[in-house]
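A.B. asks: What follows is a protein structure lacking sequence information:
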């Protein structure tokens, strides 16, 4: 069985300006690989409605699952929820279930649930809420799109809420061999090896450190015994 | 004058599998911002020809400049150069100018310019070479697409070769104010401030550390005196 395919959409001017380095993509990539879901594409777009709507529509059509991060807070530049509703022709307003979560949270904290905070209860009518154990304001799932926060601690908590709901395939396993040899020297035998193992993904990831050239050779497969047999052959090839 | 718009295309299974964290995008974003070029979109795709060709075609049509990283080494999974040629209907073969660079490099190193290394001299016929002072094998520019290496030290060196050739606008300047106040409290006054300054980009980037909630408020503009005046007003607002 082939693994379901996924895409990530990062929403935020702060990533594109170089102010902030995105770490959510790297985190999600590792978690999805372990869950047997293949991350196939990532896009980063700015906080502008036409860009968000176009990207989420394209990715939702092309992949089994889409995950977004960013733009669901209380400030004027948080427009993701409205864009997702627009992309799928859903209505959006303050929803009573999300409002109740926020009311209880701010009552406990002794803070006012003001208009800005109420923005975080704006959820598309047909969406399902995603639990946020860190700071309460929920994410949501609409069709195959999971809308989550950009703050890394909150993003991770929401991903933990979502992962058990996905239908993953067998995890894609990998074996990695570090070779102290320039890619120009290993490319010939590695190419022949890859041709002889068409069912395996064979990657070469070069590094260069303190004047030493080398590469990490990575084999990937869902079939553990085939992977181990091929990896033994690869080690013998570069011993 | 509005700034030219750019997109970044990262090519590599190792990013999508979670094996490697991409750092080239963050580096390029900062350098482009300083050069007055607005990075507007990033995509990450796998080492598969149809995905690379579709992405580079879409981004080349939509933006003034495109920058790619990854997939131009000597191994079987390095297919970027062929995909760029295919995307623009150009022919591709071993080019004598690139071959001469590699021949001199490997002669100096006492290494053989074998078939695998010659792959790195495969350059589309109408492309211009991009200098690589780190490891010689060149990148190239075809139309508005700059094709560069994925290894961060080489990527940075190629970016340094490319930046002086771009026609940037006035740099987008920014001023940042750290506020120890939850976004829910600052969102109201900040929204009014943003409405009163339609020529400014006004962003709020929340953080949460050791139980303290706050946000970095960032103003961006090409007009330094307007920026400074607005920033003084912002500081007074949250003093």
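C.D. replies: That came through fine. Everything numeric in this text was worked out from a predicted model, so none of it was measured.
A.B. asks: now for the worst-scoring helix or strand of chain A on mean pLDDT, which elements pack on it?
C.D. replies: Within chain A, no helix or strand scores below strand A:201-209, which has a mean of 86 by mean pLDDT, DSSP states H and E. Contact here means 3 or more C-beta pairs under 8 Å, 6 or more residues apart in numbering or on different chains; DSSP states H and E; on that basis strand A:201-209 packs against helix A:183-196, strand A:212-221, helix B:13-16. The way it works is simple: take the backbone N, C-alpha and C, and place the C-beta from them, glycine included.
A.B. asks: Can you say which of the ones you listed is nearest to residue B:91?
C.D. replies: Between residue B:91 and these, the tightest spacing by C-beta to C-beta is seen for helix A:183-196, at 22.7 Å.
A.B. asks: Which positions in the closest one come out as buried?
C.D. replies: A:183, A:184, A:185, A:186, A:187, A:188, A:190, A:191, A:193, A:194 (16 or more other C-beta atoms under 10 Å in any protein chain shown).
A.B. asks: contacting residues for the fourth one?
C.D. replies: Taking C-beta atoms under 8 Å, 6 or more residues apart in numbering or on different chains as the definition of contact, the neighbours of residue A:186 are A:179, A:204, A:215, A:217, A:238, B:75, B:116.
A.B. asks: returning to that earlier point: could you point out which of the helices and strands packed on strand A:201-209 sits nearest residue A:61?
C.D. replies: That would be, of the helices and strands packed on strand A:201-209 and by C-beta to C-beta, helix B:13-16, which comes in at 19.1 Å.
A.B. asks: Can you check what angle separates the very next helix or strand once past that closest one from strand B:212-221?
C.D. replies: Proceeding C-terminally, helix B:13-16 gives way to helix B:24-34 as the next helix or strand, assigned by DSSP states H and E. With axes from the mean of the first three to the mean of the last three C-alpha atoms, to 10 degrees defining the directions, helix B:24-34 sits at 50 degrees from strand B:212-221.
A.B. asks: Any chance you could list what contacts helix B:24-34?
C.D. replies: A:15-18, A:21-22, A:44, B:6, B:8, B:10, B:38-39, B:42, B:67, B:69, B:150, B:152, B:155-156, B:159, B:163, B:171-172.
A.B. asks: What residues sit buried inside it?
C.D. replies: Going by neighbour count (16+ other C-beta under 10 Å), the buried part of helix B:24-34 is B:24, B:25, B:26, B:27, B:28, B:29, B:31, B:32, B:33.
A.B. asks: cool, stretch A:160-171 as well?
C.D. replies: For stretch A:160-171, burial by neighbour count (16+ other C-beta under 10 Å) applies to A:161, A:162, A:166, A:168.
A.B. asks: For the second one, give its distance to chain B.
C.D. replies: When distances are taken as C-beta to the nearest C-beta, to the nearest Å, residue A:162 and chain B turn out to be 16 Å apart.
A.B. asks: Confirm that residue A:164 lies within a helix, as I assumed.
C.D. replies: Yes - counting by DSSP: H, G, I helix; E, B strand; the rest coil, residue A:164 is part of a helix.
A.B. asks: what's the model's confidence in the helix or strand harbouring residue A:231, averaged?
C.D. replies: Here residue A:231, judged by DSSP H and E, is contained in helix A:224-237. Mean pLDDT, helix A:224-237: 96.
A.B. asks: near chain B, anything from it?
C.D. replies: No - applying C-beta under 8 Å from any C-beta of the partner chain, one finds helix A:224-237 out of contact with chain B, separated by at least 13.4 Å.
A.B. asks: could I get the buried residues of helix B:24-34 as JSON lines with pLDDT and distance to residue A:134?
C.D. replies: Formatted as JSON lines, those follow (pLDDT from 0 to 100; distance: C-beta to C-beta, whole Å):
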{"residue": "B:24", "pLDDT": "97", "distance to residue A:134": "30"}
{"residue": "B:25", "pLDDT": "98", "distance to residue A:134": "26"}
{"residue": "B:26", "pLDDT": "97", "distance to residue A:134": "25"}
{"residue": "B:27", "pLDDT": "97", "distance to residue A:134": "30"}
{"residue": "B:28", "pLDDT": "98", "distance to residue A:134": "31"}
{"residue": "B:29", "pLDDT": "97", "distance to residue A:134": "27"}
{"residue": "B:31", "pLDDT": "96", "distance to residue A:134": "34"}
{"residue": "B:32", "pLDDT": "96", "distance to residue A:134": "33"}
{"residue": "B:33", "pLDDT": "92", "distance to residue A:134": "30"}
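A.B. asks: Show the contacting residues for residue A:3.
C.D. replies: Taking C-beta under 8 Å, 6+ apart as the criterion, residue A:3 is in contact with A:36, A:37, A:38, A:168, A:169, A:170, A:172, A:222.
A.B. asks: Helix, strand or coil: sort out the first one for me.
C.D. replies: Secondary structure of residue A:36, reduced to three states by three-state DSSP: coil.
A.B. asks: May I have the residues that are in contact with it?
C.D. replies: So residue A:36 contacts A:3, A:4, A:168, A:169, A:170, A:171, A:172, A:222 (C-beta under 8 Å, 6+ apart).
A.B. asks: The third one contacts residue A:35, correct?
C.D. replies: Yes - here residue A:168 lies in contact with residue A:35, judged by C-beta atoms under 8 Å, at a distance of 4.3 Å.
A.B. asks: can I see the domain layout of chain A?
C.D. replies: Listed domain ranges for chain A are A:5-165, A:173-237 (source: automatic domain parsing).
A.B. asks: ranking those by mean pLDDT, which is last?
C.D. replies: domain A:173-237 - the lowest mean pLDDT of the domains of chain A, at a mean of 92.
A.B. asks: Endpoints of that one, how far apart?
C.D. replies: Its first and final residues considered, domain A:173-237 spans 21 Å by C-alpha to C-alpha, to the nearest Å.
A.B. asks: just stretch A:87-105 next, same as before
C.D. replies: Using C-alpha to C-alpha, the gap from the first to the last residue of stretch A:87-105 comes to 30 Å.
A.B. asks: Now find how far off-centre it is within its chain.
C.D. replies: Centroid separation between stretch A:87-105 and its chain, computed with C-alpha atoms, centre = their mean, to the nearest Å, is 24 Å.
A.B. asks: do the same with stretch A:171-178
C.D. replies: Counting by C-alpha atoms, centre = their mean, stretch A:171-178 comes out at 20 Å from the chain centroid.
A.B. asks: And stretch A:38-50, by the same measure?
C.D. replies: Worked out by C-alpha atoms, centre = their mean, stretch A:38-50 lies 10 Å from the chain centre.
A.B. asks: Could you measure from the spatially most central residue of chain A over to residue A:65?
C.D. replies: Centroid-nearest residue in chain A, with C-alpha atoms, centre = their mean: residue A:28, separated by 3.9 Å. Separation of residue A:28 from residue A:65 (C-beta to C-beta, to the nearest Å): 11 Å.
A.B. asks: Residue A:180 now?
C.D. replies: If you measure residue A:180 against residue A:65 using C-beta to C-beta, the figure is 39 Å.
A.B. asks: go on, residue A:76?
C.D. replies: On the measure of C-beta to C-beta, residue A:76 and residue A:65 end up 30 Å apart.
A.B. asks: So these two - more neighbours on which side?
C.D. replies: Set residue A:76 next to residue A:65 and count neighbours by other C-beta atoms under 10 Å in any protein chain shown: residue A:65 wins out with 24 against 19.
A.B. asks: Okay, and the beta partners of the closest residue to that one other than its chain neighbours?
C.D. replies: Distances taken as C-beta to C-beta, 6 or more residues apart in numbering or on different chains put residue A:6 closest to residue A:65, at 4.2 Å, once the chain neighbours are dropped. Under DSSP bridges, the beta-bridge partners of residue A:6 are residue A:39, residue A:65.
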